[in-house]
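below are the sequence and a predicted model for it; my questions follow.
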Amino acid sequence: MSSMSGMQDGQAEMDGEHRIQVGLIAALERALEAGASADEVRALVEQLLDFTDVHFMSEMVLMRFAAYPDIGGHETEHDRLMEQLRRIQAGFDLGDSDVMMAESQVLRHLLVEHIRTHDLLFSQFMSTQAAPA
């Protein structure tokens with residue numbers, strides 16, 4: 001497999017991970033609406049935090065490998081999204097499902113916008129890198 005093919009595979013994997021992230025946020029919102037137990041909500045929050053952290057690390061590795069020119073700006077966006085996740089976790093720690101719901105809706109909006117802007121730009125960069133010379 002060529003390195004360009006590997007980068008395309010990595011981009012497809014990132015797209016799948018984006019769907020999982022949005023799905024985990026939706027699952028958390030459904031659990032909060034349904035009045036799920038603290039253990040169920042904690043498990044979803046931890047899964048969302050862990051998955052997002054690993055996803056962002058993977059994405060940054062792919063960007064470094066591709067020598068993506070806006071890696072710094074993208075990393076700043078990831079930091080902002082992780083901070084929003086910590087707000088959800090803080091709401092859980094306070095036992096405040098209203099705060100968790102409000103913060104998860106903000107996170108979903110920020111994440112979708114991040115995917116539609118920053119991740120799209122990276123995807124377009126990757127497409128130009130993979131194009132035959």
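Noted; the coordinates are in hand. Remember, it's a predicted structure, so these values are computed and weren't measured experimentally.

so residue 116 versus residue 18, what's the distance?
Here residue 116 is placed at a distance of 10 Å from residue 18 (C-beta to C-beta, to the nearest Å). Just so you know, the C-beta spots here come from the backbone N, C-alpha and C atoms, and that holds for glycine as well.

just residue 63 next, same as before
Residue 63 sits at a distance of 15 Å from residue 18 (criterion: C-beta to C-beta).

so which of these two has more stuff around it?
Each of residue 63 and residue 18 has its neighbours counted (other C-beta atoms under 10 Å); residue 63 has more, 20 against 17.

my guess is that one contacts residue 121. True?
No: look at residue 63 against residue 121 with C-beta atoms under 8 Å: they stay out of range, at 10.9 Å.

so what sits against both of those two?
Counting by C-beta atoms under 8 Å, 6 or more residues apart in numbering, residue 63 and residue 121 have no shared contacts at all.

what about this protein, any weak spots by pLDDT?
The model of the chain has pLDDT under 70 over residues 1-11, 130-133.

centroid-nearest residue for it?
In the chain, the residue lying closest to the centroid (C-alpha atoms, centre = their mean) is residue 52, at 4.8 Å.

ok, and what's touching stretch 33-44?
With C-beta under 8 Å, 6+ apart as the test, stretch 33-44 has contacts from 24, 27-28, 31-32, 92, 95, 97, 100-101.

select only the buried ones of these in PyMOL?
The PyMOL command for the buried members of these (criterion: 16 or more other C-beta atoms under 10 Å) is given here:
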select buried, resi 24+28+31+32+92+97+100+101
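
find the pair from the contacts of stretch 33-44 with maximum spatial separation.
24 and 95 (20.8 Å; C-beta to C-beta).

for the closest residue to residue 47 other than its chain neighbours, which residues are in contact?
Excluding its sequence neighbours, the residue lying closest to residue 47 (C-beta to C-beta, 6 or more residues apart in numbering) is residue 24, at 6.1 Å. Contacts for residue 24 (C-beta under 8 Å, 6+ apart) come out as 44, 47-48, 51.

next SSE after whatever helix or strand residue 24 lives in?
Using DSSP states H and E, residue 24 maps to helix 3-34. Under the assignment DSSP H and E, the closest C-terminal helix or strand after helix 3-34 is helix 38-66.
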